[in-house]
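K.L.:
Got a sequence here, can you model it:
(one chain, ligands or ions: 2)
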Amino acid sequence: MVSTPYLTDAFTHPPNYSFPHNRLSRVLRDPQKTPVVLVACGSFSPVTYLHLRMFEMAKDYVRHNTDFEIVGGYLSPVSDMYKKPGLLSARHRVNMCTLASEDSTTFLMVDPWEAFQSYQRTAIVLDHFDHEINTVLGGVHTEDGEHRNVRVMLLAGSDLISTMSEPGVWSYSDLEHILGRYGTFIVERAGSAIDQATDSLARWRSNIYLISQLIQNDVSSTKVRLFLRRGLSVRYLLPNSVVDYIEQNGLYLDDVTSSPINSNLEKGKDRDVAGGSQKKDVQQIC
Ligand SMILES: Nc1ncnc2c1ncn2[C@@H]1O[C@H](COP(=O)(O)OP(=O)(O)OP(=O)(O)O)[C@@H](O)[C@H]1O
Ligand SMILES: NC(=O)c1ccc[n+]([C@@H]2O[C@H](COP(=O)(O)O)[C@@H](O)[C@H]2O)c1
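P.N.:
Residues are numbered from 1 along each chain as shown. Ligands and ions are numbered 1, 2, ... in the order given. I've put the predicted structure just below:
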């Protein structure tokens, strides 16, 4: 692995923050394997079954194709300062992710660190996980008591990874840090070709794992928000507890728009939505 020039232990924590690790497995079942924690960064506005499915797909992929053992998984909702259109307040997004994770697989947790502070780049978010898991908690150990460092890896859809080839969205040093030091599992997403997404990332090929979607499912938070605004049901697209929360709090009934904090960050995403298959689907819904 490439060493990092800027791993820091001087992270700024939001008030009353403590790192959630209740579902982090501290014992490696197979000592031959490398322990890994999956981190999914995104808006989660709202979290959908597809976000949860990403972890299940990664779990199957890891078991059948790699020498990793997953010891934990995290949803890391982005800060309100990301100011992406449709981004509900961090409080609601974190609450919905928490309900969804409680409803789901045993290794999934929600880390509110990013959500309740200023915008943090993904490279810094991964450093934060590395620091909390390996430095503060001391990693994991085998059944024989041998210490092992946990490898932190980004779990993302191919649409997010394709923005890594767009000028100005990610800095080269951040890509080197994310893909060179940590690595990623990329889940194929309808409308965003997985091969194209990784063409220009070939130099980090050995740290990039591609997961095909064997059952195509293109649920997106954008479509869920559109449905809600039009009074259409979103049940069975997201966990019932999240649907109930949205209804009880009257969320997504208005068109929430905001100006981007960083036009380059947003540009990548806007192009994705405007240029990909999502736009067609959205027009059909309208
Ligand atoms: N249907 C899907 N298939 C594969 N990956 C997905 C899917 N939906 C979301 N993801 C991935 O989940 C992560 C977080 O996504 P995000 O919260 O931005 O959801 P989204 O549905 O893309 O949101 P929005 O529609 O608001 O842009 C990203 O890495 C994204 O690529
Ligand atoms: N340079 C960066 O670190 C960078 C650039 C673009 C997106 N991102 C992250 O990717 C995620 C994107 O989420 P959306 O797909 O909802 O826009 C967010 O967590 C955001 O912080 C990071």
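K.L.:
Ramachandran angles for the closest residue to ligand 1 within the stretch 1-150 of the chain?
P.N.:
Nearest to ligand 1 in the stretch 1-150 of the chain, going by C-beta to the nearest ligand atom, is G42, at a distance of 2.3 Å. In this view, the C-beta of every residue, glycine as well, is placed from N, C-alpha and C. Main-chain torsions, G42, degrees, to the nearest 10: phi 170, psi -170.
K.L.:
The nearest residue to it once chain neighbours are set aside: neighbouring residues, count only.
P.N.:
Of all residues beyond its chain neighbours, the one nearest G42 is V78 (6.5 Å), with distances taken as C-beta to C-beta, 6 or more residues apart in numbering. Neighbourhood size, V78 [other C-beta atoms under 10 Å]: 22.
K.L.:
related to what we said a few turns ago, from S79, how far out is the residue of the stretch 1-150 of the chain closest to ligand 1?
P.N.:
12 Å (C-beta to C-beta, to the nearest Å).
K.L.:
Among those two, which residue is more densely surrounded?
P.N.:
Using other C-beta under 10 Å as the criterion, G42 and S79 rank with G42 on top: 22 against 19.
K.L.:
which ones are touching that one?
P.N.:
Listed by C-beta atoms under 8 Å, 6 or more residues apart in numbering, the contact partners of G42 are 51, 75-78, 156, 160.
K.L.:
bridging residues for it?
P.N.:
Beta-bridge partners recorded for G42 (DSSP bridges): P77.
K.L.:
before we move on, the earlier item: give the PyMOL command for selecting the buried subset of the contacts of G42.
P.N.:
Buried residues among the contacts of G42 (16 or more other C-beta atoms under 10 Å), as a PyMOL selection:
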select buried, resi 51+75+76+77+78+156+160
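K.L.:
remind me, longest helix of the chain?
P.N.:
helix 49-65 (DSSP state H).
K.L.:
what distance separates it from the centre of its chain?
P.N.:
Centre-to-centre, helix 49-65 and its host chain are 13 Å apart (C-alpha atoms, centre = their mean, to the nearest Å).
K.L.:
Show me which residues of the stretch 151-286 of the chain sit near ligand 1.
P.N.:
With C-beta under 6 Å from any ligand atom as the criterion, the stretch 151-286 of the chain meets ligand 1 at residues 156-157, 159-160, 187, 189, 217-222.
K.L.:
any idea which of those is closest to ligand 1?
P.N.:
Looking across these and measuring by C-beta to the nearest ligand atom, the closest to ligand 1 is G157, at 2.2 Å.
K.L.:
Nearest spatial neighbour of the residue lying farthest from the centre of the chain, chain-adjacent residues omitted?
P.N.:
No residue in the chain sits farther from the centre than D144, which is 32.6 Å out by C-alpha atoms, centre = their mean. The shortest distance from D144 to any non-neighbouring residue, by C-beta to C-beta, 6+ apart, is to P31 (6.9 Å).
K.L.:
State the distance from that neighbour to ligand 2.
P.N.:
33 Å (C-beta to the nearest ligand atom, to the nearest Å).
K.L.:
Helices of the stretch 1-150 of the chain, start to end?
P.N.:
Listed in chain order, the helices of the stretch 1-150 of the chain (DSSP state H, counting those that start in this stretch) span 49-65, 90-102, 122-130.
K.L.:
Take these and lay them out in JSON lines including mean pLDDT and distance to Y245.
P.N.:
Output for the helices of the stretch 1-150 of the chain, formatted as JSON lines (pLDDT from 0 to 100; distance: least, C-beta to C-beta, whole Å):
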{"stretch": "helix 49-65", "mean pLDDT": "96", "distance to Y245": "15"}
{"stretch": "helix 90-102", "mean pLDDT": "97", "distance to Y245": "6"}
{"stretch": "helix 122-130", "mean pLDDT": "98", "distance to Y245": "25"}
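K.L.:
Can you lay out those helices as a markdown table showing distance to S25?
P.N.:
Formatted as a markdown table, these follow (distance: least, C-beta to C-beta, whole Å):
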| stretch | distance to S25 |
| --- | --- |
| helix 49-65 | 13 |
| helix 90-102 | 15 |
| helix 122-130 | 15 |
